[in-house]
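> Next one to model:
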Amino acid sequence: MENKAEKIKPYDRDADKKGQIEKMFDNIAGKYDFLNHVLTLGIDKGWRKNLIKMMASQKPNLVLDVATGTGDLAILAAKTVPGLHVKGLDLSQGMLEVGRDKILKNNLQDRVTMIHGDSENLPFDDNAFDAITVAFGVRNFENLGKGLKEMNRVLKPNGNLYILEFSRPKNFLFRKGFNLYFKYILPFIGKVTSKDPKAYKYLFESVQAFPAYEDFLNILENAGFKSNNYKIQSLGICSIYSGKK
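Numbering: from 1, shown residues only. From the prediction side, this is the model:
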């Protein structure tokens with residue numbers, strides 16, 4: 001199925017998406033964590049905890065966190081699961097630098113590693129990881145199918161994939177309120193705080209275009225994953241998708 005989100009870009013409709021995503025996250029890196037928690041009223045922390053609980057039940061030892069950003073999910077996973085090692089990969093050096101500072105503050109430098117790289121061309125061997133996580137990252141891929149197939153490649157046989165991503169609430173009234181907040185209030189706060197209003201306009205547009213629920217399960221299946229499922233979070237503001245190699 002066509003993924004319309006691949007055509008949504010932060011700045012220039014005619015330029016490549018990957019370079020624009022890197023620039024956008026470099027621009028907002030310093031304010032990213034603050035805005036993430038403020039704009040979601042802090043409930044994003046609960047979503048990450050739910051994903052980690054699902055992942056921990058499979059007892060992984062080595063996890064890849066794709067599009068790790070400032071490492072929120074990678075750090076929380078390492079703090080939650082004893083002995084877990086996490087490699088976090090991201091396209092934005094600005095986000096990674098913030099993440100490395102957080103790793104040092106949490107004394108996790110022996111268990112969490114930050115790597116600069118492309119999610120659609122993963123610099124790892126086949127069958128390398130017990131599990132892969134992604135939080136709010138796949139929506140930004142230039143080629144979603146390619147990125148998912150790369151994750152499948154580096155997962156061990158029977159390894160698990162967990163993806164946290166914004167979806168669209170199914171309840172009509174709640175969806176209307178959600179859209180008003182994402183379309184008008186969130187970009188205004190982002191403009192005042194981060195000085196890059198286009199980043200938060202892009203957020204709304206990309207969420208609207210992203211294939212959610214059963215549509216995304218079909219994309220996972222086409223990328224080679226099986227036993228695919230999703231769990232709705234907070235009335236459909238976001239969902240946790242899971243699949244197995």
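
> So Thr133 is in contact with Val63, correct?
Yes - shown here, Thr133 and Val63 form a contact pair, counting by Cβ atoms under 8 Å, at 6.2 Å. (Glycine included, C-beta is placed from N, CA and C.)

> of these two, who's got more company?
Thr133 (30 against 26; other Cβ atoms under 10 Å).

> what about the more buried one, distance to Ile28?
22 Å (Cβ to Cβ, to the nearest Å).

> residue farthest from the centroid of this structure?
Ranked by distance from the centre of the chain (Cα atoms, centre = their mean), the top residue is Leu173, with 26.4 Å.

> host element of it?
helix 172-180 (DSSP states H and E).

> top strand in this structure by residue count?
strand 155-166 (DSSP state E).

> So which elements touch whichever helix in the chain runs longest?
The longest helix of the chain (DSSP state H) is helix 17-39. Here helix 17-39 touches helix 44-56, helix 93-105, helix 186-194, helix 197-209, going by 3 or more Cβ pairs under 8 Å, 6 or more residues apart in numbering; DSSP states H and E.

> Would you reformat the ones you listed as a markdown table and include mean neighbour count and mean pLDDT?
Below are those laid out as a markdown table (neighbours: other Cβ atoms under 10 Å; pLDDT from 0 to 100):
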| stretch | mean neighbour count | mean pLDDT |
| --- | --- | --- |
| helix 44-56 | 18 | 96 |
| helix 93-105 | 18 | 97 |
| helix 186-194 | 16 | 74 |
| helix 197-209 | 19 | 84 |
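
> C-alpha coordinates for stretch 70-89, PDB please?
What follows is stretch 70-89, C-alpha atoms only, in PDB (Å, rounded to 0.1, in the frame of the first residue of the first chain):
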ATOM      1  CA  THR A  70      18.000  11.700  22.600                       C
ATOM      2  CA  GLY A  71      17.800   8.100  23.900                       C
ATOM      3  CA  ASP A  72      14.700   8.300  26.100                       C
ATOM      4  CA  LEU A  73      13.500   4.800  25.200                       C
ATOM      5  CA  ALA A  74      17.000   3.300  25.200                       C
ATOM      6  CA  ILE A  75      17.900   4.800  28.600                       C
ATOM      7  CA  LEU A  76      14.600   3.800  30.200                       C
ATOM      8  CA  ALA A  77      15.000   0.200  28.800                       C
ATOM      9  CA  ALA A  78      18.500  -0.100  30.300                       C
ATOM     10  CA  LYS A  79      17.300   1.300  33.700                       C
ATOM     11  CA  THR A  80      14.300  -1.100  33.700                       C
ATOM     12  CA  VAL A  81      15.800  -4.400  32.500                       C
ATOM     13  CA  PRO A  82      18.800  -5.600  34.500                       C
ATOM     14  CA  GLY A  83      21.800  -6.400  32.300                       C
ATOM     15  CA  LEU A  84      20.200  -5.200  29.100                       C
ATOM     16  CA  HIS A  85      22.500  -3.700  26.500                       C
ATOM     17  CA  VAL A  86      21.100  -1.200  24.000                       C
ATOM     18  CA  LYS A  87      22.500   0.300  20.900                       C
ATOM     19  CA  GLY A  88      20.700   3.500  19.900                       C
ATOM     20  CA  LEU A  89      21.000   4.700  16.300                       C
END
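
> Which positions in that stretch come out as buried?
70-78, 81, 84-89 (16 or more other Cβ atoms under 10 Å).

> Which ones among these map onto helices?
Per DSSP H, the subset of the buried residues of stretch 70-89 in helices is 72-78.

> intersection of neighbour lists for Thr133 and Val63?
55, 74, 77 (Cβ atoms under 8 Å, 6 or more residues apart in numbering).

> Which member of those is positioned nearest Tyr11?
The shortest gap between Tyr11 and any of the shared contacts of Thr133 and Val63 belongs to Ala74, at 27.6 Å (Cβ to Cβ).
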